[in-house]
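Undergrad: let me see the structure of the following:
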Amino acid sequence: MFSFKPALAALAMVSAEPALAQASGEERRRRGEDVMRTLNQGQPQPALEGLRRDFPDLADAITDYALGDVWGRPGLDHRTRQLAAVSAFAALGNQPFLRVHAGYALNLGVSEAELKEIVHLTTVHAGFPRAIEAAQTLGALFAERRAAPGARP
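TA: Residues are numbered from 1 along each chain as shown. Model prediction:
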């Protein structure tokens, strides 16, 4: 027979700890905005700002929860989180988000060689078609960044 007691005990332990999600709305928003500024080198994120115009509640949820509560957690640094995100989006075949998060990774000091290793790893978890798509997306991003004014070779 299944008992809910262990699950309830675990839930009680989690709810007794101060959680980031229990922060005030203003604190969550500030933390989320700080994360975005860090990831995007102080620049606004165009997709998020577009959402803010047409879907403000969705933009607020992304800022408060995804960025403030999840990305703002202290357990991993931003660089490690970006490597995980790039890997996940490559495996899922989500090229637009792969490109955005690979850009953030590069902003944080991740090298092209490290991102290429993520693509190679993708062959094991998601197969060659997904790895090829990821390679094409990253290749275009690398070329765009190299061609940008002031870019270093």
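Undergrad: in the protein, which helix is the longest?
TA: Longest helix in the chain, counting residues (DSSP state H): helix 128-147.
Undergrad: below-threshold pLDDT in the chain: ranges please.
TA: 1-22, 152-153 (pLDDT under 70).
Undergrad: again, only using 90
TA: By pLDDT under 90, the low-scoring segments of the chain are 1-25, 43-45, 47, 149-153.
Undergrad: what's Glu26 in contact with, if anything?
TA: By C-beta atoms under 8 Å, 6 or more residues apart in numbering, the contact list for Glu26 is empty. Every residue, glycine included, has its C-beta placed from N, CA and C.
Undergrad: I'd assumed Ala126 was in contact with Gly93.
TA: Yes - in this structure Gly93 lies within contact range of Ala126 using C-beta atoms under 8 Å: 7.4 Å.
Undergrad: give me the contact list for stretch 73-89.
TA: By C-beta under 8 Å, 6+ apart, stretch 73-89 touches 20, 35, 38-39, 71, 95, 97-98, 101-102, 104-105, 108-110, 114-115, 118, 121-122, 125.
Undergrad: switch the cut-off to 6 Å
TA: Contact with stretch 73-89 is made by 97-98, 101-102, 104-105, 108, 118, as judged by C-beta atoms under 6 Å, 6 or more residues apart in numbering.
Undergrad: in helices only, show me these.
TA: Using DSSP H, those in helices are 97-98, 101-102, 104-105, 118.
Undergrad: how near is Arg52 to Val119?
TA: 32 Å (C-beta to C-beta, to the nearest Å).
Undergrad: more neighbours, those two?
TA: Val119 (23 against 17; other C-beta atoms under 10 Å).
Undergrad: ok, now which ones touch the more buried one?
TA: By C-beta under 6 Å, 6+ apart, the contact set of Val119 is 131, 134-135.
Undergrad: and the helices in the chain, which stretches?
TA: Remark: helices assigned in the chain by DSSP H are 5-16, 25-39, 46-54, 56-61, 78-92, 95-107, 112-126, 128-147.
Undergrad: show me which of Gly93 and Ala126 is the more surrounded one.
TA: Ala126 (18 against 15).
Undergrad: I am finished for the moment; much appreciated.
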